[in-house]
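1. what shape does this take:
(chains A and B)
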Amino acid sequence: MKYDTDNNRRESYSRYRDQSLHGDAVRREHKKKKVSYNQYRASLAAVCVATTIAVSGLIGIGNHVHQSISDTMVLNQMLGDFQANVINPETHRTNDNQNYFYDYGDIARRMEEMDDFDVALYLLDSNLGDNQSARVLSHTSVNNWDNYLSSHNYQDSQEFREAMRERVLLESEISNKQEELRKMTQEHESTQQDDDTLTFGGNK
Amino acid sequence: MGEFEIITINDKEYAILNEVQDDENSYIYLANIADHDDIMIRKRSHDDTTLYIPLDDDEEFQLANLLLLRQIYDNEKSDY
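-> Okay, the predicted model is just below:
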């Protein structure tokens, strides 16, 4: 039974990919039609399954060792950047130089200035742990962990960490893909220009 | 029942389930209203913005799927 389900998913995915890469161009007709929510949900589920298969090798859902190494590198890079830009500037020595302390209010301010507060909170928690991050949170509008987790419908901090890990890896993969496509487009354009030069200039 | 924009391809009607835009392109995600497993992505042509064309390659197919996943994730989070 599982084999059939897997096979069906693979076939659906294969068709989804083929139809997306090949076939006809279409024009929007701006025509509307009523579709039942059951049909809509079934279609959206099909897209979600196919989408998950399409990206499963990319963001660590699969068990590929090289992928986990690459995920770890992405996360370590982000954690390092966060530490260097947000935590270290607000880490100060005590007067006797024997210890250090964090300026929680200023860390909170820096986090609130970041584009994505959720990601910032994930990086803070991964860097400093629950107790210290709770002190930072008390200086933000969120106030505390319980408020944050319940208002975002996370059951606990573990669920938050797992969701944010995927989110961070997803963002990183999107940036990489956008960069790859941008480079491919630039290469294509420069090849076109070379061809044009040849056409207009005759033999080089 | 919900109202969806429809596009006809080879005499089959496809509903636009989602539309996602990144810096470079705009993608639409289509599902055949008579067969929910019949799904595909198209992107808006740069030369003719009323025309929606197939994706260039697997790299772009993966990117379009990642963008959709991000939108679904964002929508889920904004519901709370």
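2. identify the residues contacting the residue lying closest to A:S172 once chain neighbours are set aside.
-> With sequence-adjacent residues excluded and distances taken as C-beta to C-beta, 6 or more residues apart in numbering or on different chains, A:S172 is closest to A:V74, at 4.7 Å. (C-beta placed from N, C-alpha, C; glycine too.) A:V74 makes contact with A:168-169, A:172 under the criterion C-beta atoms under 8 Å, 6 or more residues apart in numbering or on different chains.
3. element containing A:V74, please.
-> Per DSSP states H and E, A:V74 falls inside helix A:65-82.
4. mean confidence (pLDDT) on the helix or strand just after that helix, please.
-> Next along the chain after helix A:65-82, taking DSSP H and E as the criterion, comes strand A:91-93. Strand A:91-93 comes out with an average pLDDT of 91.
5. note down every partner strand of strand A:91-93 and its orientation.
-> strand A:100-102 (antiparallel) (DSSP bridges).
6. who's in contact with the partner strand?
-> A:87, A:90-94, A:128, A:132, A:135-136.
7. next secondary structure element downstream of that strand?
-> Defined by DSSP H and E, the subsequent element after strand A:100-102 is helix A:104-113.
8. quick one, longest helix in chain A?
-> If you go by DSSP state H, chain A has its longest helix at helix A:157-201.
9. touching chain A at all, the helix or strand of chain B with the lowest mean pLDDT?
-> None of the helices or strands of chain B scores lower by mean pLDDT, DSSP states H and E than helix B:58-78, at a mean of 80. Yes - legend: contact between helix B:58-78 and chain A by C-beta under 8 Å from any C-beta of the partner chain is shown at B:58-70, B:72-73, B:77.
10. ok, and for that helix, which residues are buried?
-> Within helix B:58-78, the residues that qualify as buried are B:60-72, counting by 16 or more other C-beta atoms under 10 Å in any protein chain shown.
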